[in-house]
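In: coordinates only, sequence not included:
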Ligand SMILES: [Zn+2]
Ligand SMILES: [Zn+2]
C-alpha cells in the first residue's frame with residue numbers, strides 16, 4: 001500500500017493524535033501519499049453540534065495545519081486534505097456551502113446513519129432487520145455518489161442488516177452497481193477488519209466479486225499507529241485476491257473542485 005486516503009485526527013472528538021503524528025507514522029511506514037479525511041462538520045438546521053465530528057469552527061484550523069505540514073514534509077510524503085461525510089439530502093446543500101472555499105480537496109462518502117443524524121436514528125453499524133432502513137441507506141449513498149463530488153465510498157457495507165438475506169443481496173447489488181457506474185472505488189475498511197466488525201463481510205465480498213468491482217484499502221485510522229498495519233494490509237490483499245477484486249490506489253481527488261461556491 002502506497003497511499004491511504006482515510007485518516008482521522010483528534011479534531012473529530014473521538015479519535016486521537018495530531019496531524020503531525022499521523023504524518024510521521026506514515027513516513028516511517030513508507031507511505032507515499034497520506035490523505036486526511038476527518039469527520040466533516042455537518043450544518044444542522046437547529047444549530048445542533050455533533051459530539052463525534054469536527055465542529056464547524058474547527059475546519060479552518062484543520063486545513064491551515066495540514067497546508068503548513070504539507071509544505072514542511074513535501075520531500076517525504078504527499079499530503080492531501082479531505083473530509084469524510086454522509087449524504088443527508090435535506091442537509092447536504094447547507095453543509096457544502098459551508099465547506100466550499102475552505103480549501104478542502106476531496107470528500108469520502110461515509111454513511112454512518114442511513115437517513116440522517118436525527119434523534120432516534122440508528123448508527124448504520126447497529127443491527128437492524130428493517131428493510132426501509134436498508135433501502136434508505138442504499139438510496140442515500142447512491143444519491144450522494146451521483147452528485148459527482150465524492151472521491152470514493154468508505155465502508156460501503158457498514159449497514160448491519162439482519163433481515164431477509166435475499167433482500168440484502170439485491171439492495172447491496174444495487175449499491176455496488178450504482179457506485180461502479182460513477183467510477184468510484186469501494187473501500188475495504190481496515191478498521192472494521194481489525195476489530196472484527198460487521199464490515200467488511202464475506203457476504204458483501206461475494207457481491208463485489210459478482211460485479212467485478214474495483215476496491216481500495218482504507219486505514220480509517222483513529223490513532224496514529226493505525227495509519228499503516230502491514231499484517232492487516234496483507235490479509236486485506238489476500239481477501240481481494242480470493243474474491244478476484246481489482247485493487248486500486250488511483251482515486252480522483254479533483255471531483256470536489258467542480259463545485260462552485
Ligand atoms: Zn466512517
Ligand atoms: Zn472514517
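Out: Yep, that arrived. What you are looking at is a predicted structure, and each value in this text was computed from that prediction instead of being measured. Ligands and ions are numbered 1, 2, ... in the order given.

In: Show me what from the stretch 51-200 of the chain comes close to ligand 2.
Out: residue 84 (C-beta under 5 Å from the ion). Placement of C-beta: from N, CA and C, glycine included.

In: gap between the nearest residue to residue 253 once chain neighbours are set aside and residue 51?
Out: Once flanking residues are discounted, residue 253 sits nearest to residue 106: 4.4 Å by C-beta to C-beta, 6 or more residues apart in numbering. Taking C-beta to C-beta, to the nearest Å as the measure, residue 106 falls 25 Å from residue 51.

In: Give me the more crowded residue out of those two.
Out: Applying other C-beta atoms under 10 Å to residue 106 and residue 51 shows that residue 106 carries more neighbours, namely 23 against 9.

In: Can you check the pLDDT for that one?
Out: In this model, residue 106 is scored at 98, pLDDT.

In: Wait, it touches residue 5, no?
Out: Yes. Here residue 106 reaches residue 5: they are 7.4 Å apart, a contact under C-beta atoms under 8 Å.

In: Can you pull the residues that touch both of those two?
Out: Residues touching both residue 106 and residue 5 (C-beta atoms under 8 Å, 6 or more residues apart in numbering): 35, 37, 80, 82, 151, 251, 253.

In: Let me have these in JSON lines, extended by neighbour count, secondary structure and pLDDT.
Out: Converted to JSON lines, the shared contacts of residue 106 and residue 5 look like this (neighbours: other C-beta atoms under 10 Å; DSSP: H, G, I helix; E, B strand; the rest coil; pLDDT from 0 to 100):
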{"residue": "35", "neighbour count": "25", "secondary structure": "strand", "pLDDT": "98"}
{"residue": "37", "neighbour count": "29", "secondary structure": "strand", "pLDDT": "98"}
{"residue": "80", "neighbour count": "20", "secondary structure": "strand", "pLDDT": "98"}
{"residue": "82", "neighbour count": "25", "secondary structure": "strand", "pLDDT": "98"}
{"residue": "151", "neighbour count": "24", "secondary structure": "strand", "pLDDT": "98"}
{"residue": "251", "neighbour count": "21", "secondary structure": "coil", "pLDDT": "96"}
{"residue": "253", "neighbour count": "18", "secondary structure": "coil", "pLDDT": "97"}
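
In: Out of those, flag the one nearest to residue 223.
Out: Nearest to residue 223 among the shared contacts of residue 106 and residue 5: residue 37, at 15.0 Å, using C-beta to C-beta.

In: Pairing partners for the closest one in the sheet, please.
Out: residue 82 (DSSP bridges).

In: Do a quick rundown of the strands in the stretch 101-250 of the chain.
Out: Secondary structure of the stretch 101-250 of the chain (DSSP state E, counting those that start in this stretch): strands at 106-109, 150-153, 186-189, 214-218, 246-247.

In: how close does the closest residue to residue 258 other than its chain neighbours sit to ligand 2?
Out: Among residues not flanking residue 258 along the chain, residue 148 sits closest, at 6.6 Å (C-beta to C-beta, 6+ apart). To ligand 2, residue 148 is 21 Å away according to C-beta to the ion, to the nearest Å.
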